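*Asks:* predicted model follows, preceded by the sequence.
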Amino acid sequence: MQPTIEVREGGPSSKAKRFERFMRIAIRPVFAYSPLTPSMLRLAGVFDLGAAVVMPAPPGTEIEPVSFGDFGGEWVRPPGAKEGRVILYLHGGGFFTCGLRTHRRLVARIAKRSHAVALSVGYRQLPKAPLSVSMADAFEAYRGLLAQGYAPENIVIAGDSAGGFLAFTTALTAAEQGLPVPSAIVALSPLTDLDHEARASYPHTRSDAYIPAHRLGALKRLLLAGMEDAPSPAPVDRDLRALPPVFMMCGSEEALRHDADLMVERLAEAGVPHRLQIWEGQIHVFQAFAGAVPEGHEAIDEIAAFIRTATTAPSQEDAAA
């Protein structure tokens, strides 16, 4: 199978350029120079606490907390949402920051335009939990949806950055355990490779507006605590043949474009239907900043169209979309 890649040209807009400069000046130094100590990683949780005020869900969105015992989540229901189609959303943040609040607006927007409900997962992260626990929590949430009677053909697993990593590993674990895989995967600027040396030599790594890729080597050591002798959990290193159709997006000048490009190659080798959109000049997970980045709304429309097509749940909205 040939790799399927689309380049979205014509950007970025003037608003997107201004936001890119803001992220480069205000956010990149924080990520680049803060020590990766347990106390500093705990402090990173402030991003999620403040997001409820700065990035609230759109008006009319219903939020219902969910407990999985050791971790939490929330149902995100846009006005008029139908329960037949569900998005399992796994937030990004490098496995140590962000959470339900930082991604509530993005999840609600994707769910509304997909005519779906969404289950957003607050999986455990560093410094309290290594990667193996984050992966187990994400899989437990998916297994819970199946146990509640949601049909796999109407479940889409979506995630950004670190959440994209979990979207792939959750579907792969389901296949390995004999469970049905979801109807599709949506991965926004996904982390798919834990080999920092390969990424460091990539031409776009140093141009990223706010992700300091040079820190990923140290982060990897924390993430793989207890897994040092196990096979690599990274999606690019696993057997991908059982995966459902995949839709990925990334910016043209971001560090994790390396991961998206590499994942496209591996998906093509495995014969998995896939599509990668590369958006010219856009930053890492620009969809989360729709409004400040106008192109984010267009990207969300593309994501929603893919989700509606990939699932079988009909609705009156679909007929009009």
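*Replies:* Structure received.
*Asks:* where exactly do the helices run in this protein?
*Replies:* Remark: helices assigned in the chain by DSSP state H are 14-22, 28-33, 38-43, 46-54, 100-114, 131-147, 162-176, 196-200, 216-223, 257-270, 295-310, 316-320.
*Asks:* reformat these into JSON lines and put mean neighbour count, distance to residue 229 and mean pLDDT next to each item.
*Replies:* For every residue, glycine as well, the C-beta is placed using N, CA and C. Compiled in JSON lines, those are given as follows (neighbours: other C-beta atoms under 10 Å; distance: least, C-beta to C-beta, whole Å; pLDDT from 0 to 100):
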{"stretch": "helix 14-22", "mean neighbour count": "15", "distance to residue 229": "41", "mean pLDDT": "96"}
{"stretch": "helix 28-33", "mean neighbour count": "13", "distance to residue 229": "30", "mean pLDDT": "87"}
{"stretch": "helix 38-43", "mean neighbour count": "13", "distance to residue 229": "24", "mean pLDDT": "82"}
{"stretch": "helix 46-54", "mean neighbour count": "13", "distance to residue 229": "33", "mean pLDDT": "76"}
{"stretch": "helix 100-114", "mean neighbour count": "25", "distance to residue 229": "33", "mean pLDDT": "97"}
{"stretch": "helix 131-147", "mean neighbour count": "19", "distance to residue 229": "12", "mean pLDDT": "98"}
{"stretch": "helix 162-176", "mean neighbour count": "25", "distance to residue 229": "18", "mean pLDDT": "98"}
{"stretch": "helix 196-200", "mean neighbour count": "15", "distance to residue 229": "19", "mean pLDDT": "83"}
{"stretch": "helix 216-223", "mean neighbour count": "16", "distance to residue 229": "14", "mean pLDDT": "88"}
{"stretch": "helix 257-270", "mean neighbour count": "21", "distance to residue 229": "23", "mean pLDDT": "97"}
{"stretch": "helix 295-310", "mean neighbour count": "19", "distance to residue 229": "37", "mean pLDDT": "97"}
{"stretch": "helix 316-320", "mean neighbour count": "11", "distance to residue 229": "48", "mean pLDDT": "52"}
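*Asks:* distance to residue 68 added to those, as JSON lines?
*Replies:* Shown next, in JSON lines, are the helices of the chain (distance: least, C-beta to C-beta, whole Å):
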{"stretch": "helix 14-22", "distance to residue 68": "34"}
{"stretch": "helix 28-33", "distance to residue 68": "29"}
{"stretch": "helix 38-43", "distance to residue 68": "21"}
{"stretch": "helix 46-54", "distance to residue 68": "17"}
{"stretch": "helix 100-114", "distance to residue 68": "13"}
{"stretch": "helix 131-147", "distance to residue 68": "6"}
{"stretch": "helix 162-176", "distance to residue 68": "14"}
{"stretch": "helix 196-200", "distance to residue 68": "31"}
{"stretch": "helix 216-223", "distance to residue 68": "21"}
{"stretch": "helix 257-270", "distance to residue 68": "28"}
{"stretch": "helix 295-310", "distance to residue 68": "23"}
{"stretch": "helix 316-320", "distance to residue 68": "30"}
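*Asks:* which of those helices sits closest to residue 90?
*Replies:* helix 162-176 (3.6 Å; C-beta to C-beta).
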